[in-house]
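[1] here is a sequence with its predicted model. Questions after.
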Amino acid sequence: MSNRLSVCASAAFSLAILSSGAQARPRTAMVETPPEVVRRVADSGLRLLEEARRAPPCVLRLEILPAHKTFPAFLPVRLVMRLSNTGRHKLEGDFSLGQDGGFVFVCVAQGSGAFVTYTSERFLAAQRKSREGRRFLLQPAGAVSEEIALLYNDTTGDYAFPRAGRYRIIAAGSFCPRVGKQLPACCHLASREVSIEITNPSRSEARALGLYRGKEQAKVLQEESDDADAIDELRTLLARYPDSKYAALTREALLRLGERGSSVRAAVGIKRNLFPNDQRLDVNVHLDFPRPTPLAGVLQSISRQAHVPLILDPRLDSRRLALAPQDMSLREFMYRSAGVMGEWRAEGGGYRLVFKH
């Protein structure tokens, strides 16, 4: 592949990691999409981007907002995708974004290179979902948003941002909003380009990166594989380099799977590291957020249950959390909700989730 290669990507992945289980070395993955199908989807993304750039103005506006201007190499690049109604009338239609199956591509170009489509198995699975019958109302000046993350690119068989340097990102989407009883009017949208910088890992991170970097490790983090050898590498990373930035992502992946074994809890340091002297964090709370929910609202709900004040940094307002109905300790929930971009700090009688620089 050329060093000037670019990528057109879509949808988010949810971070998860599966237990290795028995002593055998199994490898389980989503049904792998044939390469020719990946190529067809990639070509569709490029065609949509080209059409959207030539399309007339629409009452809908598509935006992408990077979480940072600079990202370390081989960590997910997190973006917020937003769709806004700029008109005077409420709109009805399917305004799904991200991994819910919305028809939106996020396009990435290295340097001045041309855009190429990025895909992942999770995105392809979402695109196969039927969009029929999904209808939402979007009020004037209203907007919907979704946090997405890009890591491994199936189109090129490499990380989406494989080397240090400047990258340009643009989104393209297709929507068919309807006003009142009028027939739907379809429009193709392109966002403005944004630029980010990918930086090389420091020397101190090199050894941790050796355990973290690899196709199977990335697929595990994207919930597309439970390759036992890759999982062992990630576990070794946690044990040897617990303070590495790559360990932070791995720890979140373990927790988001919801493994409940005591060895896993010890490995990710729930008891040892996160305010171990506050016994209030051992209380169980009930979570039931099947659809992506603003993190601020989730924290309010959990705070009321546990009687522990939980406050969100305004810079994390765009974050959303989706969790199936389950019970877990408040301490474990705090690990999950912090993710890679945030960290908890004691404040007064409670805790504040702050943006981690």
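    Done, it's in.

[2] just the element for the closest residue to residue 161 other than its chain neighbours, please.
    Nearest residue to residue 161, sequence neighbours excluded (Cβ to Cβ, 6 or more residues apart in numbering): residue 198, at 4.7 Å. Placement of C-beta: from N, CA and C, glycine included. Per DSSP states H and E: residue 198 is located in strand 194-199.

[3] partner strands of that strand, parallel or antiparallel?
    strand 70-72 (parallel), strand 165-175 (antiparallel) (DSSP bridges).

[4] mean confidence for whichever helix or strand comes after the last one?
    Secondary structure here is assigned by DSSP H and E; on that basis, the next helix or strand after strand 165-175 toward the C-terminus is strand 187-190. Regarding strand 187-190, the rounded mean pLDDT is 93.

[5] going forward, begin numbering at 471 instead of 1
    I'll keep to 471 as the first residue from here, and by that count the last item is strand 657-660.

[6] buried set for strand 657-660?
    657, 658, 659, 660 (16 or more other Cβ atoms under 10 Å).

[7] how about JSON lines for the residues you listed, with distance to residue 782 added?
    Output for those, formatted as JSON lines (distance: Cβ to Cβ, whole Å):
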{"residue": "657", "distance to residue 782": "34"}
{"residue": "658", "distance to residue 782": "35"}
{"residue": "659", "distance to residue 782": "30"}
{"residue": "660", "distance to residue 782": "32"}
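
[8] just curious, which of these is nearest to residue 773?
    residue 659 (37.5 Å; Cβ to Cβ).

[9] list the beta-bridge partners for that closest one.
    Under the criterion used (DSSP bridges), residue 659 bridges to residue 643.

[10] correct me, but it touches residue 524?
    No: with contacts counted by Cβ atoms under 8 Å, residue 659 stays clear of residue 524, the gap being 11.8 Å.

[11] which residues are in contact with each of those two?
    Common contact partners of residue 659 and residue 524 (Cβ atoms under 8 Å, 6 or more residues apart in numbering): none.

[12] one step back: tell me the helix or strand right after the strand holding residue 668.
    Trace forward from strand 664-669 with DSSP H and E and the next one is helix 676-682.

[13] would you mark the buried spots in that following helix?
    678, 679, 681, 682.

[14] what of stretch 819-827?
    820, 821, 822, 823, 824.

[15] and the first one, what are its bridge partners?
    With DSSP bridges applied, residue 820 shows beta-bridge pairing to residue 817.

[16] okay but it is in contact with residue 777, surely?
    No: contact criterion Cβ under 8 Å: residue 820 and residue 777 do not qualify, at 9.6 Å.

[17] after the longest helix anywhere in the chain, next one along is what?
    Scanning the chain for the helix with the most residues, using DSSP state H, yields helix 505-524. Using DSSP H and E, the helix or strand that directly follows helix 505-524 along the chain is strand 530-536.

[18] sheet-wise, list the partners of that following strand with their directions.
    strand 547-555 (antiparallel).

[19] where does pLDDT dip in the stretch 471-620 of the chain?
    Scanning the stretch 471-620 of the chain with the threshold set as pLDDT under 70 gives 471-502, 568-572, 595-604.

[20] touching, residue 612 and residue 557? I think so.
    No: in this structure, residue 612 is not within contact of residue 557 by Cβ under 8 Å, at 10.3 Å.

[21] rewinding a little: least confident pick among the buried residues of stretch 819-827?
    Per-residue pLDDT puts residue 824 lowest of the buried residues of stretch 819-827, at 87.

[22] now that one, nearest residue through space, not along the chain?
    residue 783 is the one closest to residue 824 (Cβ to Cβ, 6+ apart), at 4.5 Å.

[23] distance-wise, check that neighbour relative to residue 804.
    14 Å (Cβ to Cβ, to the nearest Å).

[24] quickly list what's touching both of these two.
    By Cβ under 8 Å, 6+ apart, the residues touching both residue 783 and residue 804 are residue 823.

[25] neighbour count winner among the two?
    Counted by other Cβ atoms under 10 Å, residue 783 and residue 804 do not tie: residue 804 has more neighbours, with 23 against 18.

[26] packing partners of the helix or strand where the more buried one lies?
    Element membership for residue 804 (DSSP H and E) is helix 800-808. If you count contacts as 3 or more Cβ pairs under 8 Å, 6 or more residues apart in numbering; DSSP states H and E, helix 800-808 packs onto helix 715-727, helix 740-743, strand 754-764, helix 765-776, strand 790-799, strand 820-825.

[27] from the chain's centroid, how far away is the third one?
    If I follow you right, that is strand 754-764. 17 Å (Cα atoms, centre = their mean, to the nearest Å).

[28] export it as CSV, just CAs?
    In CSV, the C-alpha atoms belonging to strand 754-764 read as follows (Å, rounded to 0.1, in the frame of the first residue of the first chain):
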residue,chain,number,x,y,z
ASN,A,754,-24.4,-2.7,43.4
VAL,A,755,-26.3,-0.5,41.0
HIS,A,756,-28.8,-1.4,38.3
LEU,A,757,-28.1,-0.4,34.7
ASP,A,758,-30.6,-0.5,31.9
PHE,A,759,-29.6,1.7,29.0
PRO,A,760,-30.1,-0.5,25.8
ARG,A,761,-29.7,2.5,23.5
PRO,A,762,-26.9,5.1,23.5
THR,A,763,-27.8,7.5,26.3
PRO,A,764,-26.1,10.8,27.2
